[in-house]
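Trainee: No letters, just coordinates:
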């Protein structure tokens, strides 16, 4: 059964006005930030938001500020009409879809981010002179390792766009997926360090039946690569089982995962076992840990992770 | 005539609760962030806030995050009881004094900023491992020059603490003095770039009768140095007069100010004529400019500036 159509908002002032009028009526608001191309992982975030608040805003915005010039901004999958259809049928519906055009455009013909073209390729994170965007939020320690190593501007872009969305939507609660584990920890730390009056919730990673972590990028995998990519989740499940049954040497656990992915034809970006909160690398698993992996199959970079209890 | 006593709040959750309850009643809130040791400059900020909003919050907090280890955090002047007295008599009064103890303490014995002692000296901006504060807001272009050159962590600390105060107090309007011209521009840019739903007002610099720009640090000048320091404002007044009467060569205007301060016994940190908005250095004054100066007299660093219309 379809829900009522969500309110579509593209203007940030209108978005804030809506939120403030709802809060003035005593209503609580949940924000689910997405880059669109929605899948069941996103829908689980929306359902978490329903549990927490009376109203739910889903933002759909592919943030140029978190892509470096060599990354896949221009090929990031998009299906806005399909997304709206999915949101119409998600249990409980959503109240607002916030779909801004360019959150780095301040009306001075110098957006500073994401609008340049160089040899036909969209170039982002350009800092130009004059009046362009130049303010960035850095979570200096947590942003460094794991995905931050191969994607040096990524978390700066994420923390900044989330700050912008928080300031525009002014939600009571924001929901993020633990699929992006490092991102989730960074947002939680940022909210604490910058004293945002917002509660951050992390929801569990959602997998396809065969174990592959849901991701908007999966659509770009060839059928063969999709099959090979199962090596990530399969080897992580094995590592978790081994660790929770007494194997606590991280080097050995990592070697097994690296080997499995390598043998399947994947190219490892990183495979690290880290502390769940500080994300510091562990030698031995003596406290709650998370095994984080990033690997390339074909021209698609996939991430996955699994929490390990002790 | 004394006003009613302001409400004294030290806890950030209590502060936010007060603001939200006032906003739920439809009241508007102005924030005047200060580091205490209040003078007439601060009182003019409060009067501007009264013009803009129904309620006014004055924060008094010496922010360790904006001092480097070699700077004057430990000798920064403080007179909390005197400040409260002044606030009782300022026309219109103030509604809340927000005086938090340590805004970088998150209850994990690792404040990350401002609490270390090294050889008896307070050391700030320390990033330690684990759970300490590590999120910083950078306004990457505007923070670089002028005061940013000799105080490399200063504006990072300012932008971050102002973000924290904005998120705790959730004001409608925030008032800053144009005495700290670069700071004012940085805050305005940050508010635009991060989409804060807050209006930023800049108020004119306030001077003593003899021309010295009001500053909490003036109290640390010896009577002789205070006299010598008048060379800053006197030479700036002359430069403004010359510029507005046809002398538009910035090098010549700068040389005259540098010479006057030098001859009075001051040590120049910088003397630059810049664009009022982008803060880019100018060779010729063809558009609205501001002449910014920082100079040492004894062990006190003073700043001053004057806007030049064309």
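Mentor: Yep, it's here. Treat the numbers as computed from the prediction; the structure is a model and nothing was measured.
Trainee: so where do the helices sit in the stretch 201-310 of chain A?
Mentor: Here the stretch 201-310 of chain A has its helices, by DSSP state H, counting those that start in this stretch, at A:223-228, A:230-243, A:250-263.
Trainee: Throw the ones you listed into a markdown table and include distance to chain B, thanks.
Mentor: Using the backbone N, CA and C atoms, a C-beta is placed for each residue, glycine as well. Below are the helices of the stretch 201-310 of chain A laid out as a markdown table (distance: least, CB to the nearest CB, whole Å):
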| stretch | distance to chain B |
| --- | --- |
| helix A:223-228 | 37 |
| helix A:230-243 | 23 |
| helix A:250-263 | 18 |
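Trainee: in what helix or strand does the nearest residue to residue A:214 once chain neighbours are set aside lie?
Mentor: Nearest residue to residue A:214, sequence neighbours excluded (CB to CB, 6 or more residues apart in numbering or on different chains): residue A:41, at 4.1 Å. Per DSSP states H and E: residue A:41 is located in helix A:40-52.
Trainee: Please spell out which residues along that helix are buried.
Mentor: Neighbour-count burial for helix A:40-52 flags A:41, A:42, A:43, A:44, A:45, A:46, A:47, A:48, A:49, A:50, A:52 (criterion: 16 or more other CB atoms under 10 Å in any protein chain shown).
Trainee: hmm, back to that, packed most tightly, which of the helices of the stretch 201-310 of chain A would that be?
Mentor: Among the helices of the stretch 201-310 of chain A, the stretch with the highest mean neighbour count (mean count of other CB atoms under 10 Å in any protein chain shown) is helix A:230-243, at a mean of 19.
Trainee: Stretch A:211-223: how far from the chain's middle?
Mentor: 15 Å (CA atoms, centre = their mean, to the nearest Å).
Trainee: count of residues packed around the residue of the stretch 151-300 of chain A found nearest chain B?
Mentor: For the stretch 151-300 of chain A, the residue closest to chain B is residue A:193, as judged by CB to the nearest CB, at 3.5 Å. Using other CB atoms under 10 Å in any protein chain shown, residue A:193 is surrounded by 25 other residues.
Trainee: Leaving out chain neighbours, which residue sits closest to whatever residue of the stretch 1-150 of chain A ends up closest to chain B?
Mentor: Relative to chain B, the nearest point of the stretch 1-150 of chain A is residue A:135 (3.5 Å; CB to the nearest CB). Excluding its sequence neighbours, the residue lying closest to residue A:135 (CB to CB, 6+ apart) is residue B:193, at 3.5 Å.
Trainee: Contacts only, for the one you found.
Mentor: Contact analysis of residue B:193 by CB atoms under 8 Å, 6 or more residues apart in numbering or on different chains lists A:106, A:133, A:134, A:135, A:164, B:139.
Trainee: Strands - which of those residues land there?
Mentor: Mapping these onto strands (DSSP state E) picks out A:135, B:139.
Trainee: Which one (most neighbours) among the contacts of residue B:193?
Mentor: residue A:133 (27 neighbours).
Trainee: Need the per-residue pLDDT for residue A:2.
Mentor: We have a pLDDT of 74 for residue A:2.
Trainee: next helix or strand past the helix holding residue A:41?
Mentor: That would be, after helix A:40-52 and using DSSP H and E, strand A:55-60.
Trainee: Counting by contacts, list what the strand or helix carrying residue A:166 packs against.
Mentor: Applying DSSP H and E as the criterion places residue A:166 in helix A:154-169. Applying 3 or more CB pairs under 8 Å, 6 or more residues apart in numbering or on different chains; DSSP states H and E, one finds that helix A:154-169 contacts helix A:12-24, strand A:29-34, strand A:55-60, strand A:96-98, strand A:135-139, helix A:147-150, helix A:181-193.
Trainee: so how far is the fifth one off the chain centroid?
Mentor: Taking CA atoms, centre = their mean, one finds the center of strand A:135-139 at 17 Å from the center of the full chain.
Trainee: Show residues contacting it.
Mentor: Counting by CB under 8 Å, 6+ apart, A:155-157, A:159-160, A:163, A:186, A:189-190, A:193-194, B:134-140, B:159, B:189-190, B:193-194 sit against strand A:135-139.
Trainee: hang on, isn't residue A:53 packed against residue A:26?
Mentor: No: counting by CB atoms under 8 Å, residue A:53 stays clear of residue A:26, with 11.9 Å between them.
Trainee: These two - which one has more neighbours?
Mentor: Under the neighbour definition other CB under 10 Å, residue A:53 and residue A:26 were set side by side, and residue A:53 has more, 21 against 8.
Trainee: tell me the contacts of that one?
Mentor: Contacts of residue A:53 by CB under 8 Å, 6+ apart are A:28, A:29, A:30, A:171, A:172, A:173.
Trainee: pLDDT weak spots in chain A?
Mentor: Low-confidence segments of chain A (pLDDT under 70): A:1, A:109-130.
Trainee: Give me the nearest residue to the spatially most central residue of it, chain neighbours excluded.
Mentor: Centroid-nearest residue in chain A, with CA atoms, centre = their mean: residue A:180, separated by 5.0 Å. Excluding its sequence neighbours, the residue lying closest to residue A:180 (CB to CB, 6+ apart) is residue A:303, at 7.1 Å.
Trainee: Same check on residue A:92?
Mentor: Using CB to CB, 6+ apart and skipping residues adjacent in sequence, the residue nearest residue A:92 is residue A:50, 4.5 Å away.
Trainee: ok, the one you found - contacts?
Mentor: A:30, A:56, A:91, A:92.
Trainee: Mind checking which of those are buried?
Mentor: Buried among these (16+ other CB under 10 Å): A:30, A:56.
Trainee: which one of the contacts of residue A:50 is nearest residue B:18?
Mentor: residue A:30 (24.3 Å; CB to CB).
Trainee: From residue A:175, how far off is the closest one?
Mentor: Using CB to CB, to the nearest Å, one gets 6 Å for the distance from residue A:30 to residue A:175.
Trainee: Give the residues shared as contacts by these two.
Mentor: In contact with both residue A:30 and residue A:175: A:49, A:52, using CB under 8 Å, 6+ apart.
Trainee: residues contacting residue A:2?
Mentor: Residue A:2 neighbours (CB under 8 Å, 6+ apart): A:88, A:89.
Trainee: how far away is it from residue B:275?
Mentor: When residue A:2 is compared with residue B:275 (using CB to CB), they lie 55 Å apart.
Trainee: swap in residue A:81?
Mentor: 45 Å.
Trainee: Which one's more surrounded, those two?
Mentor: residue B:275 (17 against 7).
Trainee: Am I right that that one is in contact with residue B:285?
Mentor: No: look at residue B:275 against residue B:285 with CB under 8 Å: they stay out of range, at 9.8 Å.
Trainee: No further queries at this time; thank you.
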